[in-house]
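[1] Sequence first, then the predicted structure:
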Amino acid sequence: MTHEIYSPHRRGLLLGAAAGAAGLAILGRPSIGNAAVALQGPLKPNVYRFRLGSFEVTTILDGLAPNDGPHPTFGADQTPEAAAELATANFLPADTGVNSFTPVVVNTGTQVILFDTGNGPARRPAVGNLAASLTAAGILPESVDIVVLTHFHGDHIGGLMEGETAAFPNAAYVAGRTEYDFWTHPDRLSGPTENSAKLVQANVVPYAERMNFIEPGADIITGITAIEAFGHSPGHMAYNIESEGRRLVLTADTANHYVMSLQKPDWEVRFDMDKAKAAATRKSIFGMLAADKVPFVGYHMPFPAVGYVEPMGDGFRYVAAGYQFDL
Ligand SMILES: [Zn+2]
């Protein structure tokens, strides 16, 4: 008698039998499906590719590094309370954070240009994963034609060498003259610049013969132009990238935190070697990006590291890119 199936008594029996077979009942419902999938940990994208005119731009996550920030790395001249208030207002914890590192590849169709090389082998496995992710993105390290170094801090030049061998064996290299001259001066090999200068000797100087030294305003190729962004380091440079009327500015380390550095561009940042100059550069470059409503890619912005800025208070609000590049 089919109607018995729907009687309260009969239904209870059926549920009891099903739950018994599955060994589990949640809120009185039987468990359906027993194909257990073990928890596998967070899965985050590490490659992001989009079109910019006739160029293809790929941002590649070199890795993520937890830290105790943002204060006092960011807002070193501010009270912990002021920094905590800013973090909290932006849905961030006050005493712990994550730094990310994002090299960028521009493929013009005839040339593959890599901006910065990540942390390299020394800091694996958390970071230093550019080479592996490049290959996964379909770009072999051997196919990189030009490596552009925005500046010579370790998280940007660490990936130039893979042990004793060149990580990008067929590439030509581009670096700012000011940056190279500063870091290779013998005085840098002692004092606070010692570690960085030694890494420059190991990772950059071997390429000097294949290096093109440029000044702000120089074109690397048609459509890619260096912009003076001194302050974070003595010769730090940003790049304007333009194709078929579409524009993107690669800001490198002009701002190093999407909240602290953009909303409070005057706050001191430990990594900025000339703090006043870095702040002035931040305001000038992001002021231009806000006024022109131009997207940017920032090395330490949250992956995929592409967004916009709009004026807000003393600084700017970061607006992560949506589908603008899909149009
Ligand atoms: Zn950096």
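    That came in fine, so what should we check first?

[2] So Leu289 belongs to a helix, correct?
    Yes - under DSSP: H, G, I helix; E, B strand; the rest coil, Leu289 falls within a helix.

[3] Tell me the residues of this structure that contact the ion?
    Contact residues, the chain versus the ion (Cβ under 5 Å from the ion): Asp155, Asp253. All C-beta atoms are positioned from the backbone trio N, CA, C, and that covers glycine.

[4] need the helices for the chain, in chain order.
    8-22, 80-89, 130-136, 154-157, 177-184, 194-203, 260-263, 275-292 (DSSP state H).

[5] Let me have these in TSV, adding mean pLDDT and mean neighbour count as columns.
    As requested, those are exported to TSV (pLDDT from 0 to 100; neighbours: other Cβ atoms under 10 Å):
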stretch	mean pLDDT	mean neighbour count
helix 8-22	41	12
helix 80-89	97	16
helix 130-136	94	19
helix 154-157	98	24
helix 177-184	98	19
helix 194-203	98	17
helix 260-263	98	25
helix 275-292	98	18
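
[6] Looking at the stretch 201-327 of the chain, what residue ends up closest to the ion?
    Closest residue of the stretch 201-327 of the chain to the ion, Cβ to the ion: Asp253 (4.4 Å).

[7] what's the nearest residue to Val127 if we skip its chain neighbours?
    Gly63 (2.9 Å; Cβ to Cβ, 6 or more residues apart in numbering).

[8] how long is stretch 120-134 end to end?
    End-to-end distance of stretch 120-134: 13 Å, with Cα to Cα, to the nearest Å as the criterion.

[9] which residues sit against that stretch?
    46-47, 60-65, 101, 103, 105, 114, 117-119, 140-141, 144, 155, 157-163, 167, 203 (Cβ atoms under 8 Å, 6 or more residues apart in numbering).

[10] Next up, the contacts around the closest residue to Ser261 other than its chain neighbours.
    The shortest distance from Ser261 to any non-neighbouring residue, by Cβ to Cβ, 6+ apart, is to Ala255 (3.8 Å). Neighbouring residues of Ala255 by Cβ under 8 Å, 6+ apart: Ser261, Leu262, Pro265, Arg282, Phe286, Gly298, His300, Met301.

[11] ok, 6 Å please
    Ser261, Leu262, Arg282 (Cβ atoms under 6 Å, 6 or more residues apart in numbering).

[12] Using JSON lines, please lay out these together with distance to Ala83.
    Shown next, in JSON lines, are the contacts of Ala255 (distance: Cβ to Cβ, whole Å):
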{"residue": "Ser261", "distance to Ala83": "12"}
{"residue": "Leu262", "distance to Ala83": "14"}
{"residue": "Arg282", "distance to Ala83": "17"}
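
[13] So which of the residues you listed is the closest to His151?
    Arg282 (14.5 Å; Cβ to Cβ).

[14] Which pLDDT value goes with the nearest residue to that closest one once chain neighbours are set aside?
    Distances taken as Cβ to Cβ, 6+ apart place Pro265 nearest to Arg282, at 4.1 Å, with adjacent residues excluded. Listed pLDDT for Pro265 reads 98.

[15] cool, Pro42 as well?
    89.

[16] residues near it, how many?
    5 (other Cβ atoms under 10 Å).

[17] What is the least confident helix or strand in the protein?
    helix 8-22 (a mean of 41; mean pLDDT, DSSP states H and E).

[18] before we move on, back to that, and of the contacts of Ala255, the nearest to Ala89?
    Among the contacts of Ala255, and counting by Cβ to Cβ, the member closest to Ala89 is Leu262, at 13.4 Å.

[19] pretty sure the closest one contacts Tyr318?
    Yes - look at Leu262 against Tyr318 with Cβ atoms under 6 Å: they come within range, at 5.2 Å.

[20] Residues touching stretch 275-287, excluding its own?
    For stretch 275-287, contacts defined as Cβ under 6 Å, 6+ apart pick out Ala229, Phe230, Gly231, His232, Thr254, Ala255, Pro265, Asp266, Glu268, Asp272, Val309, Phe316.

[21] Beta-bridge partners for the last one, please?
    If I follow you right, that is Phe316. Beta bridges link Phe316 to Pro311 when assigned by DSSP bridges.

[22] got a list of what it touches?
    Leu262, Phe286, Ala290, Val309.

[23] ok and the residue in the stretch 51-200 of the chain nearest the ion?
    Asp155 (4.4 Å).

[24] I'd guessed that residue sits against Phe101; true?
    Yes - in terms of Cβ under 6 Å, Asp155 counts as a neighbour of Phe101; the distance is 5.4 Å.

[25] quick one, what contacts Val147?
    Leu114, Phe168, Ala171, Tyr173.

[26] Show me which of the residues you listed is closest to Asn195.
    The nearest one, if we look at those relative to Asn195 and count by Cβ to Cβ, is Tyr173, at 21.8 Å.

[27] can you pull up the bridge partners for that closest one?
    Val147, Met211.

[28] for it, what are its contacts?
    With Cβ under 6 Å, 6+ apart, Tyr173 has these contacts: Val147, Tyr207, Arg210, Met211.

[29] got it, and Pro103?
    Ile60, Asp62, Asp116, Gly118, Leu130.
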